[in-house]
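[1] Next input, structure requested:
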Amino acid sequence: MSSQLTQYLPVLILALVAIGFAAGMLLVSVLLGVKARRNPVKDSPYECGMKPQGEGSARFSVKFYLVAMLFILFDIEVVFLYPWAVVYREMLAENATMIFGSMVSFLGILFIGYLYALKKQAFDWNSSS
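    Residues are numbered from 1 along each chain as shown. Got it, this is the predicted structure:
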């Protein structure tokens, strides 16, 4: 057991060095950095020499985040489905019902989520909600 833990010792040392380096750089910048006076002109956003107009950041519709989450959901599906499909024949010899049943249940839950997204019109780009 202790031999396995000693294999992680270089990783621990590297993590400590990285944390120490980051903390040290922050400390040095605070101690040696020049304190500047706050100026409203310098604090304003720069827009190619023009005076800034409107808010600094545009607001995104909730639809944008919904589509992004759906993309991640279906992207993760492929991450789980591809390795299963690659080794399906080899795994079929071991325990066919469990392997096929687990994937059918996974795809079933995913399909229910897809139907829910269709019902909520998540894929309709022209809807106002």
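
[2] lowest-pLDDT helix or strand in the chain?
    Lowest by mean pLDDT, DSSP states H and E among the helices and strands of the chain is helix 40-43, with a mean of 74.

[3] what packs against that one?
    Under the contact criterion of 3 or more CB pairs under 8 Å, 6 or more residues apart in numbering; DSSP states H and E, the helices and strands touching helix 40-43 comprise an empty set. (C-beta placed from N, C-alpha, C; glycine too.)

[4] Which residue ranges make up the domains of the chain?
    Residue ranges of the domains in the chain are recorded as 2-35, 62-119, according to automatic domain parsing.

[5] wait, which of those domains is closest to Y46?
    With CB to CB as the measure, domain 2-35 is the member of the domains of the chain nearest Y46 (20.9 Å).

[6] what's the distance between L32 and G24?
    From L32 across to G24, the span is 12 Å (CB to CB, to the nearest Å).

[7] And these two? Which one has more around it.
    In this view L32 and G24 are compared by other CB atoms under 10 Å, and G24 has more residues nearby, 10 against 7.

[8] Do you know the pLDDT at the more buried one?
    The score at G24 is 97. That number is its pLDDT.

[9] ditto for V78
    At V78 the predicted local distance difference test score is 81.

[10] That one: neighbour count?
    Neighbour count for V78, taken as other CB under 10 Å: 9.

[11] quick one: it from L16, how far?
    Per CB to CB, V78 is found 37 Å from L16.

[12] give me the number of residues near A23?
    10.

[13] Please confirm that P83 is located within a helix.
    Yes - applying DSSP: H, G, I helix; E, B strand; the rest coil, one finds P83 inside a helix.

[14] For it, give me its contacts.
    Residues in contact with P83, defined by CB atoms under 8 Å, 6 or more residues apart in numbering, are absent; none qualify.

[15] Where does the prediction get shaky in this protein?
    1, 47, 49-56, 127-129 (pLDDT under 70).

[16] Tell me which stretches of it form helices.
    Assignment of helices within the chain using DSSP state H yields the ranges 2-7, 9-32, 40-43, 62-86, 88-92, 96-119.

[17] mind checking which of those helices is nearest W125?
    Each of these was scored for nearness to W125 using CB to CB, and the closest is helix 62-86 (7.5 Å).
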